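Trainee: Here is my input; please provide its structure:
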Amino acid sequence: MPQSVRVLVVEDEVALAGVVRDYLLRDGYTVEVAHDGPAAVEAARRVDPDLVVLDLMLPGFDGIEVCRRLREFTDAYVLMLTARDAESDKVAALSTGADDYVVKPVSPRELLARASAMLRRPRSAGSAGPAAGTAGTGGTAPPLVVGGLEVDVDARTVAVDGTAVELTRTEFDLLAAMAASPRTAFTRAQLIEAVWGGPWYGDEHVVDVHVGPLRRKLADDAAQPRFVRTVRGVGYGMGPG
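Mentor: Residues are numbered from 1 along each chain as shown. Here you go, the predicted structure:
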């Protein structure tokens with residue numbers, strides 16, 4: 001898979017950027033490096049990366065702004081690197097369109113594992129999500145309907161009571177995985193396997209960070225959920241709709 005896969009590494013620490021680049025090159029990826037926000041956006045337009053490894057703190061403008069601008073023209077995977085472990089930083093990164101985050105310091109092995117898992121997921125907006133296989137026919141799957149929620153796995157669209165809802169790729173994949181089996185109480189590990197693939201080297205609570213923005217976009221109340229319910233001591237599942 002790495003052959004022909006283009007990775008853009010955005011990191012203002014030149015030495016660290018070089019280490020990450022060398023590990024990716026050794027694994028067979030094609031790598032471009034940028035050291036500030038404006039250069040990152042320009043490089044992304046030029047090379048059309050499949051994956052962007054993006055530092056949060058950058059000169060010019062920060063990784064949040066880079067990610068926001070990237071989402072105007074590319075569906076590349078974005079793996080955010082941050083030295084800050086605050087929940088607000090993670091939520092800000094993910095709600096801007098990042099697919100995952102890693103807290104520094106991070107080993108190159110973990111970074112490669114995260115990148116590999118991410119690249120196993122469908123990239124284009126029209127690709128089938130993790131629930132696509134449930135159709136079992138190889139053709140167009142009918143939308144998944146849970147009460148007032150409709151999830152079209154083939155078109156990768158979501159509607160609540162007939163109104164379209166815009167989700168990030170990861171939010172969509174989480175919702176589709178749960179909607180495909182609405183009676184199941186999923187552990188975080190099961191959702192990670194369905195959405196990110198395995199093996200997983202990070203914190204399983206990455207699921208929680210994505211569920212928060214997902215609930216807000218669905219206008220869902222965690223205390224009285226219609227769509228995403230917390231299963232105490234287990235993880236998450238679908239509500240009554």
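
Trainee: any idea which residue sits dead centre in this structure?
Mentor: Central residue of the chain (Cα atoms, centre = their mean): residue 99, 2.3 Å from the mean position.

Trainee: And that one, what's its pLDDT?
Mentor: In this prediction, residue 99 carries a pLDDT score of 81.

Trainee: Out of the helices and strands in this structure, which is least certain?
Mentor: Within the chain, confidence by mean pLDDT, DSSP states H and E is lowest for helix 87-96 among all helices and strands, at a mean of 72.

Trainee: Tell me the buried residues in that helix?
Mentor: For helix 87-96, a neighbour-count test (16 or more other Cβ atoms under 10 Å) marks 89-96 as buried. No exception for glycine: its C-beta is placed from N, CA and C like everyone else's.

Trainee: Show residues contacting it.
Mentor: Under the contact criterion Cβ atoms under 8 Å, 6 or more residues apart in numbering, helix 87-96 has outside partners 56, 63-64, 67-68, 71, 80, 82, 101, 168, 170, 209-210, 212-213.

Trainee: In TSV, list the buried residues of helix 87-96 along with distance to residue 51.
Mentor: Converted to TSV, these look like this (distance: Cβ to Cβ, whole Å):
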residue	distance to residue 51
89	21
90	19
91	22
92	20
93	15
94	16
95	20
96	16
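
Trainee: Can you give the domain ranges for the chain?
Mentor: 6-119, 132-238 (automatic domain parsing).

Trainee: what's around residue 32, how many residues?
Mentor: Here the number of neighbours of residue 32 (other Cβ atoms under 10 Å) works out to 17.

Trainee: same check, this time on residue 225
Mentor: The number of residues packed around residue 225, counting by other Cβ under 10 Å, is 18.

Trainee: Could you pull up the contacting residues of it?
Mentor: Counting by Cβ under 8 Å, 6+ apart, residue 225 makes contact with 215, 239.

Trainee: mind checking the SS state of it?
Mentor: At residue 225, secondary structure determined by DSSP: H, G, I helix; E, B strand; the rest coil is coil.

Trainee: quick one on the thing from earlier: among the contacts of helix 87-96, which ones are in strands?
Mentor: Counting by DSSP state E, those place 80, 82, 101 in strands.

Trainee: give me the number of residues near residue 175?
Mentor: For residue 175, which is what you asked about, the neighbour count (other Cβ under 10 Å) is 28.

Trainee: And for the one 10 residues further on?
Mentor: The number of residues packed near residue 185 is 17, by other Cβ under 10 Å.

Trainee: Test for you: state the pLDDT assigned to it.
Mentor: Note on residue 185: pLDDT of 94.

Trainee: quick revisit: which of the ones in strands among the contacts of helix 87-96 are buried? Put it as a PyMOL command.
Mentor: Here is the PyMOL command that selects only those of the ones in strands among the contacts of helix 87-96 that count as buried (16+ other Cβ under 10 Å):
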select buried, resi 80+82+101
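
Trainee: List just the nearest of the ones in strands among the contacts of helix 87-96 to residue 193.
Mentor: The shortest separation between residue 193 and any of the ones in strands among the contacts of helix 87-96 is 18.7 Å, and it belongs to residue 101 (by Cβ to Cβ).

Trainee: thinking again about what came up before, can you list the ones in strands among the contacts of helix 87-96 in TSV and add distance to residue 235?
Mentor: As requested, those are exported to TSV (distance: Cβ to Cβ, whole Å):
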residue	distance to residue 235
80	23
82	24
101	19
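
Trainee: follow-up on the earlier one: mean pLDDT for the domains of the chain: which is lowest?
Mentor: For the domains of the chain, the weakest mean pLDDT is recorded on domain 132-238, namely a mean of 84.

Trainee: now the strands for this structure?
Mentor: Listed in chain order, the strands found in the chain under DSSP E are 6-10, 30-34, 51-55, 77-82, 100-103, 144-146, 149-152, 157-160, 163-165, 186-187, 228-231, 235-238.
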